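Asks: coords please:
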Amino acid sequence: MEDTRLQLREFNSILKETDALYNKLAKKSGLSDCAFWILYALRESDGACTQKELCDQWAFSKQTVNSAIKGLEQSGYIVLSPSKKDKRSKEIRLNEEGILFAQENIDYVFELEELALLRMPPSQRAAFIEINRTYYDMLQMEVNQHLKNK
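Replies: This next block holds a predicted model:
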């Protein structure tokens, strides 16, 4: 069991260190973590997301995303418009200034991530994704079971 605790400590440390790297990139751009991930998601998507989609994808609270959206809107990077899918939601889109800002402050992050993955052989890349997905699925199962029993 002790070996497992050490492995979990190492794994959790790696996750936190990775988060810290992204935090440095966000700060370099003058963004909060949440605003950074919103711009990242908008650049990665077809250009539009709803607040709910952002909350679901990045596991941020609705309040945190709402606050970051307001800040991005005040900075002149995004526009909100009624969603075509759900009239109760608004679509978040980058405007021209936001596209330029994201090109300078977000797009290179995609390149850094790709370069990091390309340093791994294809089999390790596939295993990296598979193992992380399996761990998440198993942890989710354990958490759900624990919460059901409480």
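
Asks: Please enumerate the strands of this protein.
Replies: With strands called from DSSP state E, the chain shows them at 48-50, 78-82, 90-94.

Asks: What is the burial count for A48?
Replies: 17 (other Cβ atoms under 10 Å). In this view, the C-beta of every residue, glycine as well, is placed from N, C-alpha and C.

Asks: Tell me who's in contact with it.
Replies: 42, 91-93 (Cβ atoms under 8 Å, 6 or more residues apart in numbering).

Asks: if we can go back for a sec, figure out which of the strands of the chain is closest to L115.
Replies: Smallest distance to L115 across these (Cβ to Cβ): 24.2 Å, for strand 90-94.

Asks: what's the closest of the contacts of A48 to E130?
Replies: Nearest member of the contacts of A48 to E130, counting by Cβ to Cβ, is L42, at 27.9 Å.

Asks: And for the closest one, the neighbour number?
Replies: Using other Cβ under 10 Å, the number of residues around L42 comes to 23.

Asks: So that it lines up with my notes, have the first residue be 54 from now on.
Replies: Fine by me, first position is 54 from now on; the one you just mentioned is L95.

Asks: what's the spacing between it and Y75?
Replies: Distance of L95 to Y75, given as Cβ to Cβ, to the nearest Å: 16 Å.

Asks: and if you look at Y161?
Replies: Counting by Cβ to Cβ, the separation of Y161 from Y75 is 13 Å.

Asks: Compare those two (neighbour count), which wins?
Replies: Set Y161 next to Y75 and count neighbours by other Cβ under 10 Å: Y75 wins out with 15 against 11.

Asks: Please tell me I have it right and that one contacts C87.
Replies: No - between Y75 and C87 there is no contact under Cβ atoms under 8 Å: 11.3 Å.
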